[in-house]
Structures are given as structure tokens and as C-alpha cells.
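Peer 1: Turn this into a structure:
(chains A, B, C, D, E and F)
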Protein chains: 6
Amino acid sequence: MRIKVINPNTTLSMTDKIYQSARLIASPGTEIVAVSPQMGPVSIETFHDEVFAAAGVIDEVRKGEAEGFDGYVIACFGDPGLAAAREVAKGPVVGIAEAAMHMATLIGHTFSIISLIDRMEPMMAHLVQAYGMEHKCRSIRMTALEVLQLEEEGSDARQIVVRECRKAIEEDRADSVLLGCAGMSDLMAHVTAEIGAPAIDGVSAAVKLVESAVSLGLGTSKRHGYAYPTRKTYTGVFSGYSIP
Amino acid sequence: MRIKVINPNTTLSMTDKIYQSARLIASPGTEIVAVSPQMGPVSIETFHDEVFAAAGVIDEVRKGEAEGFDGYVIACFGDPGLAAAREVAKGPVVGIAEAAMHMATLIGHTFSIISLIDRMEPMMAHLVQAYGMEHKCRSIRMTALEVLQLEEEGSDARQIVVRECRKAIEEDRADSVLLGCAGMSDLMAHVTAEIGAPAIDGVSAAVKLVESAVSLGLGTSKRHGYAYPTRKTYTGVFSGYSIP
Amino acid sequence: MRIKVINPNTTLSMTDKIYQSARLIASPGTEIVAVSPQMGPVSIETFHDEVFAAAGVIDEVRKGEAEGFDGYVIACFGDPGLAAAREVAKGPVVGIAEAAMHMATLIGHTFSIISLIDRMEPMMAHLVQAYGMEHKCRSIRMTALEVLQLEEEGSDARQIVVRECRKAIEEDRADSVLLGCAGMSDLMAHVTAEIGAPAIDGVSAAVKLVESAVSLGLGTSKRHGYAYPTRKTYTGVFSGYSIP
Amino acid sequence: MRIKVINPNTTLSMTDKIYQSARLIASPGTEIVAVSPQMGPVSIETFHDEVFAAAGVIDEVRKGEAEGFDGYVIACFGDPGLAAAREVAKGPVVGIAEAAMHMATLIGHTFSIISLIDRMEPMMAHLVQAYGMEHKCRSIRMTALEVLQLEEEGSDARQIVVRECRKAIEEDRADSVLLGCAGMSDLMAHVTAEIGAPAIDGVSAAVKLVESAVSLGLGTSKRHGYAYPTRKTYTGVFSGYSIP
Amino acid sequence: MRIKVINPNTTLSMTDKIYQSARLIASPGTEIVAVSPQMGPVSIETFHDEVFAAAGVIDEVRKGEAEGFDGYVIACFGDPGLAAAREVAKGPVVGIAEAAMHMATLIGHTFSIISLIDRMEPMMAHLVQAYGMEHKCRSIRMTALEVLQLEEEGSDARQIVVRECRKAIEEDRADSVLLGCAGMSDLMAHVTAEIGAPAIDGVSAAVKLVESAVSLGLGTSKRHGYAYPTRKTYTGVFSGYSIP
Amino acid sequence: MRIKVINPNTTLSMTDKIYQSARLIASPGTEIVAVSPQMGPVSIETFHDEVFAAAGVIDEVRKGEAEGFDGYVIACFGDPGLAAAREVAKGPVVGIAEAAMHMATLIGHTFSIISLIDRMEPMMAHLVQAYGMEHKCRSIRMTALEVLQLEEEGSDARQIVVRECRKAIEEDRADSVLLGCAGMSDLMAHVTAEIGAPAIDGVSAAVKLVESAVSLGLGTSKRHGYAYPTRKTYTGVFSGYSIP
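Peer 2: Residues are numbered from 1 along each chain as shown, chains lettered A, B, ... in the order given. Reported below is the predicted structural model:
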């Protein structure tokens, strides 16, 4: 099985970290390929970033279909471009936010999300609502960290994340915590050990869910909502994205 | 007051129709400029189309800010790129789906949406949920029409739309109907007359809501969720969209 | 266009303040008439007050129909008598609570309501639910102020309102604030300037929404829920309210 | 124990029918007094009717407090004036719609409401939402009957009600039916026998719930939402409703 | 009328306390029989406890049907076995959590639940959701008390309960409090007096609701969801629970 | 990895079918053990059946902990005993209804459930609500089949299931269907082929989700809601279930 893990931003150190997390968790027969789009933002912290990141995600899924991938992971906690990617893909496509949330409901009553700068909170609140997880989500704790601080050697980002995760368990009474950024994917074991409760990395969770779906013979349903995109002409710099 | 009405697809006959509807309803002191992005799909019928249309919408809002517009209308019933456009804009940005829904709640208990091909139904159901309108929406009736059929001379699209609108009032007991595509914006008066109940065109409604917000001195809040995008480098063909 | 703005209580200094706010925001061609009912409570702070205020609102709308008004604003943040007023009116009827909430959703992700004495909180929570705004409303902050304190020269009501609005933005992370009483309608610009985020006055918002609806040719739908009241005999002191 | 059952309309034949139902179900030690207000509509079929009926309900509860009643039933399936009546009353106040819904949840998974003319459906849908019963309510079936047809000798109203109740059980798969008008209170046994499933009359249910609350020593909570109305001057024809 | 009050745990001192509360509130013609199952946990504080307690409840209801009881109360604030008990019973079956919640909605806008050890909070949150009470429930306050501490002479459990109830009224702005354990049923009058707001004991409330339903001629609906269990063979130690 | 798949009923032909489905989908390193409890109903079609089946599930999970299993599947579409099983287990426990629903949301917008006799519909509606899937579930189609008919050679059960699944896709516009009984687990491939859309077997899905959780190092969270059951004495025939 070949899974393409798409880091929707263009920071390759993060892509590499995501690759390591994905490779580590993948089953023996699974080949992981991790990529960043060839265009787009270096990190995703605004809706503006998400729009352009989504185009990059689609680009990579379209190429992935030609390359014969069996499934895809969208490795950004905002799940950018997820619905469109599903239209394009024959196999399953899983976002890391949804992966973490679904997995959390299997091992606890409730979860909290720990994430980064304050302005991203509405994005996550929207996903929680759209995925039907309002009864499960105890809190969304923002840390004021920027995405790229997670990439800096020697920053205290790790400690800050652990501290907020602990508060989620102890003050908000969550049963588990979700690491709300792909850049935290290397912290799953560390945070779990520190807080004495499950910390869930969406990248790892999504790889297992894609593997699961493929094993089950489940691709994206092509009836109704995620049918293949219909024939369509695109113009200008997007003409390459026409649907023939 | 200057309002930029953005048709997120690149079909200029539709842009022109939208322009006529917007100009007709605009207040005397309002200048309407209607544009299509310089790149993107000729019509928006899939999530794939929406992703690229959203990039085009952002492009036009960014240019619009330099051009000094006071507000924006996104003239596609999926409201593509709305959140990102709000980050970019100083003034208000209104999507035609939200405009039609908000206006409908002021004149009736319930509404129905009449729209086009079946696969677009989940997009609209998602907007209804996200906007908190589930208690108000009696039905979403799809017609199997494609967007560009609305542009064809002599098609029976108009009759089909009227027929479904009538069913929404009589069978689904809706108090009003929403014309679920910018390409229907010229049908508001005709449908209203035919069905004996209000038919609401989102383009017209959105123009009035932008005018209202601007008159009230209300621009997009720059606290929290829609603050201006933070400094960010974009790479590749999107490098022009970096935030300096 | 002629709009009747109904202050549902009988305190004329407040009616005058409401009139000033409405007149200031009205378009050049709009005539504003502001009235208080000829009977009812001097302020509206309980459900008991609302019942009698609603009767007064109906009385004014019925007279308004005879007087040829194009639309109505109900200028109390509890929207008393709104559904009944819509049955009576041919044109649109807009309450100031709904107007403020709808407008807030166009310029921010979330809002908070700042209002008066504690016991009014359930009224507002009910409106938030009924209007489908639960996902948008960050908090309802009560101030312990009584309605008529807003009318007193030299009271510190203004400072208290500003302080709570600031907390809503900074502590509750709302993107905007709604001024939860028609008696605050003169504070919109002041509060906005003080807190650096939009403060929305429902009176002003409602005037623009009525103007918008009328411009769009939209009156209250007479199909189903808000059809004209059916023929009915009323007895006793209400015999004048029979529907002939 | 003395319970005042208020028929909010002024049709005394209906008040008498309500009285019979209430008296029949009341416990031995309970005295039932059934009244109509001295003013208001002869039947309640619109929001307009509800506003004036609510004033009449308040009037009767205020008098009832002076007369020493222990509790109140509001015998109209729209529960008009309920919140205000609770502010005024020391003891419990129960509406017949809420009584029927609460009782239905104790004896079945789901219920349907059978009621009268089509335009009343939004009133009932609103109550279902406000009472948190959306998951329990299978359907609201309107019959096109007017309230006063239930009072006419020899009308086929009874057959029509039975027919719709049967459809609710068999087609909508409801476990029970609610008789959605106080004027149907004499049909409870008949409908139950005809359809082989519980039919619930709100008048009877409300009497038992008021008795229950009084027995439990539970009056309306005077903390927060239903505290006694605060001192207030009312003007004009409502001056008699001032709160001293 | 004969009502069987089932304490689902096997601690007879609690059964006796429950019996006293039930007998005290029962109407003159009502005979109360209070029992504990012949097997099961000595207190119910986990989902594990609930599963086995539910079997005991069913056992008692099955015996109760043979003994000719008219209705049942399940006297544990988790309402264990409620749905299954309704299938078995001809008459009404009422849980004390649902009884307290329904009664609370008749006398206040909102309520809070005061209960015991922290881990039981999700059970109660689930009931609040399942019963449609989310808009009514201000808070669920856990006290760290174990069930059997309520049975200990001289413990400070009573003071702790009163303190949390007071906080619910004053800090959470609840209109009433629900005593979230059958073991608190003797505290209703004491807490009410201490906090100046209604405290509701579910045992007492449930007795009145069963009496009410029986008086109304309402048994459990045997259409659809709670029809009698179908013929079924049970094996092993549960063979005695086969449905013949 | 060792997974214990528990068929909560005692029909061994069904246990065997479930075993085949589980074994077929399990990863190479996974050992599947499938069992039925030693006591309980031969099939689960009522809430009464569920109560006793839940006890059997707990019994098997308790034994499973002693036997060193890494995770558990509860192979009944009502997920009986799930919460209690999670308290007992160190590893993950997954019900087949939740497994099917979560998987369905990854490959389509919406799903329908196809299940058996009509009276089971409320059980499933309750799960859909509790799992936050109301926006995803298009319909719950009952077939009037009994559980054990699925075990009969030569019955037309298979055709009936296919027919209803097809209607779910074509009439209810679901993107996928869930096979709403463990006894249908052998139909996944057949139904998928027949209807041209994904059919999801919960047994298979649950096996993959347990494997995924175990691979991720995720056991049941022991903080808050699913902490190990506290020390407790059980009496009577359940004394063996005491928590030491």
C-alpha cells in the first residue's frame, strides 16, 4: 500500500518531521511518501493561508492519482482542501484533525485540543462543529505559539505545549488531548508520558485510518457528494487544473 | 460608496447578469464594479471548483483593497473564500448564500433553497448548518440543471426553477424561496410573481447588506478571527500572494 | 420610504434617543417616525413587561398599516411582539436584537451581548437559541444596570457598558459586541472607539435592514406562518383588536 | 389544594369542556376553578391572538394570587404568557403543551402532535425546539380544522383527529400522540381506544403536574429568571397592570 | 395504586431512606413498596456498576408485573435499565434523573445538578443530552463524595452538598438545583431552606410523576420502541430471563 | 497483537461468521479470538436483550484482561456495554456501530443504516445522536428481518438487505450504507458490488480501528470518565463481579 502524506505548507523541515511520524507508525507493507506542494505558504495560520494551501493539496492529490497512490493524508490540523481532495481521489483521504478527533472518541469520553496562535481558534471550533464533536470537546486551548516556533531548536515550545495539555486534563477534565498542529507530531509519546493521559497526534492517527480504509476496500464514495469533478474549463494560471 | 461584486467564476455573461442585478438594486450613491477573477473555473459545481475559485476571490479582494473599495460581494451561492476574504478586507464582505438566508429569516419563518445539480446539495447543507439556519430551512431542492444552462438562450431552465420553487412553497410549506445560484439573479421578480411568495436573490440581498454595513460604519472586525493575515512567505506560483 | 420605529416602552426620552439614532442612519429618501405605544410599561425588564409591551407594538403596527408605512422596527432588545407584528404588516418588520445578531455575523466570527439587569439574561439566551446563533454568541454579559439608568444625566452607566464590552472582546474573545438595549443606541460610535472593535446598535442595524428589504421588494411573506390574522372576535377591553 | 385553570380564549363552552377534563382528573383534595379572561380572542390561532391572550392570562394569574390559588394551568396548546405568568405566581404554572410533551417522554420514545389549521404549525415547532423535544417529536400533523369547529355539535372534527392520530402512529412511527388543542381534551380516552396507543391531553396532564409540584412543595423559583416582576409604572389602558 | 420503588443498589439503609421519601410524598391511596435487587453492586458509581444494577432493576420489574404493580420508580440518578424496564412494564416507569429534570423545567428557566465523585459526571452529561435538557442545565457540580458517605452518621456530606448547591444558584445562576443521588432524597427540604431556591429530589418527583401517569390512564406505550420484549431464549445463568 | 471479538449474543453460528469477517480483515500480526458470552440472549433485538448482553460483554472483557488481550471489539450494532467495557479494559474497546459510523464519515458526506426489525430503530437513532452523527445520517431503514433470519440458509434476507441499501443510495441520497447488524458482516463485498457504493461492515471496521489504536499506543484513557472501576462489593449471583 502506498500512502501520500501531504504537508500543505512548504516548510520542508516540517514535512520531514511529518514523514518520520508517518513512517514510524505505518504498517510493514505500507510505503509512505511525504511531500509539500510546490507552491503556497510556509505555514498555515490564517484562512488566507488555507485557501492557497488547499490548491497545493489538490495539486498533490491529482499528481498522486497519476502516481497510483492508494490513499492520502492531509497533514495540517485545519484539514485544508479535504472535500475537494476527496472528489479527486479514488482511495480514501483523511485529514489529521478529523483523524485525531475520531480516534479520541474511541478511547475517552472527551478531548481537548491544544494548538497555536489565538486567531486559529475559530478554524478549529468550526471543525469541531462540522464533525459533530461538540459534545466531546471540552476545550480548545491556544498557546500563542507560531507554527514555525515548533521547528526552532531550543525553543520552549515543547514545555508550553505540555503545560497546556496538563491543564486540559486537570482543569478542563478532558480524558485525552489532541496535538493541534502537524508540527507537534513528534511530541505524542513525550506528552503522553508527561501528562499521564493519551495525547493524540493526528498525523499518526490519519495514517492508520487510511491504512484501515484501504484494507477494508473502502475508497471515497463516488456517489453523490464526492463524485469525481465534472468536466470543466479553468482559465488563466489555473488552466492546468481544468477537468478534461 | 464603491462595492466590488466578485463573480468567482470566469464566465463573463454571468458576471454581466450579476452586474445588472447589483446595479439595479444599488442605492444612488453606490458604484458597483463587477468582475470575474483572471483565473479559475468557468462555473462552480464541485468542491474542486470552489478551491480554485476561492483563490480568485482573494486575488480580487486584495486588488480591491488597493483600489479603495468599501465592501465586497462574493456572488456564488457556495460563498467560496469568504473567511479569507474577510481577513484581507477592511470593509465588510458578504456572500450571497448568507445574505439570502439572513434576509429570509426577516420575512418568514422558513425558507427553501432551489439550486442546481444534485451533487451540490452537501455544499448547501453545510452552509445551512454553519450559519445556524437548520431550524429555518425546510428543504434544499436540486433541479439537475447545470450552472451554464442558466446562461443558454431558450433553455427551459427558468420553467424548471419556477416549478421547484412552487413545490417548495406548496409541498414543503416554506414561507420563501432562495435562488440558489448567482446565475438566477435575474429571476427574482419573475419567480416571486409566479409563486405568490417571496423569492430572494442573494446578489441583490448581499449588495444591500454591504451597503447597510458600510452605512453603519461597520467593517470586518480586526479582533481575533478575521484579523489581517500575518506576515507570511508564499512560494512557487503563489509567491505573489505572500503577506509582506 | 416611510419606516415606523416603535419603542415598545412608554418612556419618551428613550423614544427620542431612538429616533435620533434611526434618523441619523436612515438613507436620504427614508422618513423615520418614532413612537411609543399609548399604553404599557415605562421600561421592559421582565416577561411581564414584554407581554403588555407586545400589545402596544401590535397597536402601533395596526395603526401603521392604516397610515401606509413601508416597514417597521421594534426597538427593544427582546424583540417583543415580533411574530404577531409580522402577521399584521404587509412590509418587513425587524427587531433590534435579530438585526444586531445578523449584522454581527457578517463582520466577525463571534459576538457578545452586553445588557442590563441579571434577570433579563434568560430572555436573551432564548433569542440567541431561537435565531440559531448559539455558535456565534461568546457570552451574554449583564451589568446590573436598569433600563432607565441609561436615561439619567451623569450616571456612570456609559462607563460600565464600555468596561463590559471591553471584557467581552478581551476575556471572552468576541469579535464584536452588541449593545443589548435600545437605550444604548447613542453609544455605538463611542464604544467602538473605546474598545477597538465593532459595537453594534440594533436600532441602527434594524433601520438599514428594513430599508434593504423594502428596496428588494421584500415584504413579510403571507404564505404559511405570517399570513394575515384570520377573522376573529375579541372581547372586553380588547374588542378593538378584533380582526374583521 | 386550589388550582386555577385558565382557558386563554373567551369561548365559555371550551372553558367548560376544559373544566370537565380538569375536574375529572383532579385528586380528591383538589379544587378546580376554570376561567376565561374577561377580554381577548374567542380562539387562539395566530401570534396576534396569542399576544392578547397572554395579557388575559396574566390578568387571571394576578387575580389568582390575590385569591390564594396554589397553582395554575394555562389551557392553550401554545402556552401563551407562560413565562410572565411564572414571574407573577408564587406556586407552579404549567402550560398544556409542555405538560403533554413531558408526560409523553415518560411513556414512549417519541410522540407526534396533532393539531389544527396549518398556519399554527410554526408555533408548535417553536415550542418543540424551546422545550428541547426535537429528538422526541416525530411529526406535527395539522388537520385544517379551526378551533371552534371542535365545539360544533355534529362536526366530523373528531373523526379527522382520530384519522391523523392513527397516521402518526402507523406512518410516522410515533409511540404516542399529543392532542394539540385544549378543545380536544374530551377526546383522550376515545382516541386512545381507537388508535391502540396513548393519546395525551395536555389539560389533564397539566393538572397532574401542578398537583405534583405543589405536593412536592415546589413553587416557581424566585431566583433569577422568574423572580417577581420589579416595580414598574404602566401607562394608558394598562395602568392597572403597574407593579407597585 | 401500588408503586414499586426500586433502589438499584443493594444497600438497604439507602433503600429505607428512599422508602421514607417516597412514602412521605405519596398520595393517600398510593401504596409504596421499596426494594433492592437481590444481586448487584452496593452502590452505583461507574458504568460497570450500572450494567449489573440494570439487570437487577429488570428482575424487580419482571417480578413487579407478576405482583400487579401499577408503576415503577428507578431510584438511582443514572436511570439504569430504564428503557428495558419500560419494555417489560405495562404501567409507567420513571427514572429519578428524568423526573427531577422535567420537574425543574416547570419551575425555573435553568437548573444545576449536584452530585458525587467526579468520574460520574459523564453519565449525567449524557442524560442531560439524551433528555434534551442542554439548554436548561447550567452546570453539573461534582463534590468528590462517594455514595455511601451519604449514609454515614456524622459525616460532613450534608454541608458539602449545601455548599455546592449554593454555588450553583449564586455563581452558575441556576434557578433550581437537582439532588443528584437517591441517597440525598432526605435533604430536599433542608437544602431548599438553606439556599433559598428549590432543591428537587428525584425520588419524590418520580413518585408524583408515576402517580400522575397512572391517574391519567397512561401506561408505557406498547407501539414501536417499548413494545413488550419479543420471544427469546436466554442461556446460562440468565436462562431465567428468557422471554417465553 | 491479540484482539478479542465479542459477539454479545450466544448464537455460535453468528460468532463464527463474525470470526471469519474479523480474521479476514486482520493484519498479519493480529490474532483474532471470537467468543460469545456464556450467558445471555440468543439475539439482541430489544433493550431487555441489551441489558443482559452487556453483562456478558463485561464478563468477557474481564476475562480478556486476565488473558492479556490488547483490545476488544463489541460485535453488535447496538454497542451494548461499551462504556463499562472501557472502564474495565486497559486497551481500546470499539463497538461496531461507532466503528462503521466513524469510517463512513471518512469516505462520504452521509450514510444510511440498514437494519432489522422496526422496534430497533430507536436504539440506532439514539446511537446516531450520542455519537454526534445526526448531520451525517440520511436515514435508518428497517427491514422487518429478525436477527436469526440472517443465519438461515436459503432465506431471502440477503436480497432484502441489498434492496434497502440500494434505496438508501438512490432515494435517500446517502453516499454509503452501514450494515446494521453483525450478522450481515459477510455481505460487505456483495452489497458494495450490487449497489455501486461503499457498504460498511462494522465488525471489519472495528477490527481495523482497534488495531490502529493499539499501534498508536492508545489504550482507553484512565483519566476521568473511563478510569478503572472503583472497589465495590457486588452481592447475590453477581458477587463474582465485585471489584476487589
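
Peer 1: Could you find the closest non-adjacent residue to the residue nearest the centre of chain A?
Peer 2: For chain A, the residue nearest the mean C-alpha position is A:Ile96 (2.6 Å; Cα atoms, centre = their mean). Spatial nearest neighbour of A:Ile96, excluding adjacent residues (Cβ to Cβ, 6 or more residues apart in numbering or on different chains): A:Gly202 at 2.9 Å. The C-beta positions use only the backbone N, C-alpha and C, and glycine is treated the same way.

Peer 1: Quick one: neighbours of the one you found, just the number.
Peer 2: When neighbours are counted by other Cβ atoms under 10 Å in any protein chain shown, A:Gly202 registers 35.

Peer 1: Excluding chain neighbours, what is closest to whichever residue of chain A sits closest to chain E?
Peer 2: Closest approach of chain A to chain E (Cβ to the nearest Cβ) occurs at A:His109, with a separation of 4.4 Å. Nearest non-adjacent residue to A:His109, counting by Cβ to Cβ, 6+ apart: F:Gly225, 3.6 Å away.

Peer 1: contacting residues for the one you found?
Peer 2: F:Gly225 makes contacts with A:Gly108, A:His109, A:Thr110, A:Asp175, E:Arg119, E:Glu121, E:Pro122, as judged by Cβ atoms under 8 Å, 6 or more residues apart in numbering or on different chains.

Peer 1: doesn't A:Thr230 fall inside a helix?
Peer 2: No - with DSSP: H, G, I helix; E, B strand; the rest coil as the criterion, A:Thr230 is coil rather than part of a helix.

Peer 1: and it, how far is that from E:Ser185?
Peer 2: Distance of A:Thr230 to E:Ser185, given as Cβ to Cβ, to the nearest Å: 65 Å.

Peer 1: got it, and A:Ser36?
Peer 2: Going from A:Ser36 to E:Ser185 by Cβ to Cβ gives 63 Å.

Peer 1: now A:Gly219
Peer 2: 56 Å.

Peer 1: In terms of packing, which of the two has more residues around it?
Peer 2: Neighbour tally, A:Gly219 and E:Ser185, criterion other Cβ under 10 Å: the higher count belongs to E:Ser185, 25 against 19.

Peer 1: hang on, the earlier thing: wait, the residue nearest to A:Ile96 touches A:Leu187, no?
Peer 2: No - counting by Cβ atoms under 8 Å, A:Gly202 does not reach A:Leu187; the two are 11.8 Å apart.

Peer 1: Please enumerate the shared neighbours of the two.
Peer 2: A:Leu179.

Peer 1: so what's the backbone phi/psi at the residue nearest to A:Ile96?
Peer 2: phi -70, psi -30 (degrees, to the nearest 10).

Peer 1: related to what we said a few turns ago, Provide the secondary structure category for the residue of chain A closest to chain E.
Peer 2: coil.

Peer 1: give me phi/psi at it?
Peer 2: The phi/psi pair for A:His109 (degrees, to the nearest 10) is phi -70, psi -40.

Peer 1: Spatially nearest residue to A:Asp16 (excluding sequence neighbours)?
Peer 2: A:Asp16 sits nearest to A:Ala34 (Cβ to Cβ, 6+ apart), 7.4 Å away.

Peer 1: which strands and helices sit next to the helix or strand where that neighbour lies?
Peer 2: Assigning secondary structure by DSSP states H and E places A:Ala34 in strand A:31-35. Judged by 3 or more Cβ pairs under 8 Å, 6 or more residues apart in numbering or on different chains; DSSP states H and E, the packing partners of strand A:31-35 are strand A:2-6, helix A:12-25.

Peer 1: okay, those, which one's buried deepest?
Peer 2: strand A:2-6 (a mean of 25; mean count of other Cβ atoms under 10 Å in any protein chain shown).
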